[in-house]
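please work out how this folds:
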Amino acid sequence: MASLAACARPLVRTHSALIQNRLLSTTRVVRQDATPNIGSVPPAKKPIGAFRGGIVGFLFGFSLASSLAAYHLLEEYKLASAALQASVEELQTSTQKVSAHVRRIEAVEKELKALSETSASKEDIARVRAEVKKLYDGLHVEFLDLRAHVWGIQEDVHALSKKNSTTVRIV
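Numbering: from 1, shown residues only. Predicted coordinates:
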């Protein structure tokens, strides 16, 4: 075991020697004297008064808030204006459709008025029907008279033909 402890000691020394070699300075004296150069210390600023700082902060915050509010108000105005414009265009198209329908209705009413002026009323139709019936009845009576007259002529021709049937005449 003694030999194991003797072997372990040089390892510890070599490890501490390696750590010392890694530093920038190689000797203890140089290592202790070496301090990093950070630069010069900036001069201290004159403190701003609380009242003046509060006013500047308030004015900066107020101007920032008012500019954001104005931006949002402008965006809302643009959206409302676009919606109103779309509504006006939709109203215009519906108004044009309604005017077209009104024009069609007026044209139909005009045609209806013209047809009602040229068409016959029920009284006219009843009067014409009565006249046609009278004419039909009169023609029927005349037809029956004509038929009776033709029948009479036919009877006369038949009677004459029986008398003259015994002799034949050639002309």
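
for residue 77, which residues are in contact?
Residues near residue 77 by Cβ atoms under 8 Å, 6 or more residues apart in numbering: none. Heads up, the C-betas are built off the backbone N, CA and C, glycines and all.

mean confidence for the helix or strand containing residue 109?
Assessed by DSSP states H and E, residue 109 sits inside helix 50-118. For helix 50-118, mean pLDDT is 94.

residue 44 in helix, strand or coil?
Assigned by DSSP: H, G, I helix; E, B strand; the rest coil, the conformation of residue 44 is coil.

next one: residue 154 relative to residue 163, how far apart?
Computed with Cβ to Cβ, to the nearest Å, the distance linking residue 154 and residue 163 is 15 Å.

ok, now residue 59?
Separation of residue 59 from residue 163 (Cβ to Cβ) stands at 149 Å.

cool, and residue 123?
60 Å.

cool, residue 142 as well?
32 Å.

what do you get for residue 144?
Applying Cβ to Cβ to residue 144 and residue 163 gives a distance of 29 Å.

before we move on, what about residue 113?
Applying Cβ to Cβ to residue 113 and residue 163 gives a distance of 74 Å.

equivalent analysis for residue 135, please.
42 Å.

same deal with residue 105?
83 Å.

next: residue 118.
64 Å.

same check on residue 120?
59 Å.

need phi/psi at residue 119.
Phi and psi for residue 119, reported as degrees, to the nearest 10, are phi -80, psi 160.

ok, it - contacts?
So residue 119 contacts nothing (Cβ under 8 Å, 6+ apart).

cool, the one 3 residues further on as well?
Neighbour list for residue 122: empty [criterion: Cβ under 8 Å, 6+ apart].

next, it: phi, psi?
phi -60, psi -40.

and it, how far is that from residue 136?
In terms of Cβ to Cβ, residue 122 sits 21 Å off from residue 136.
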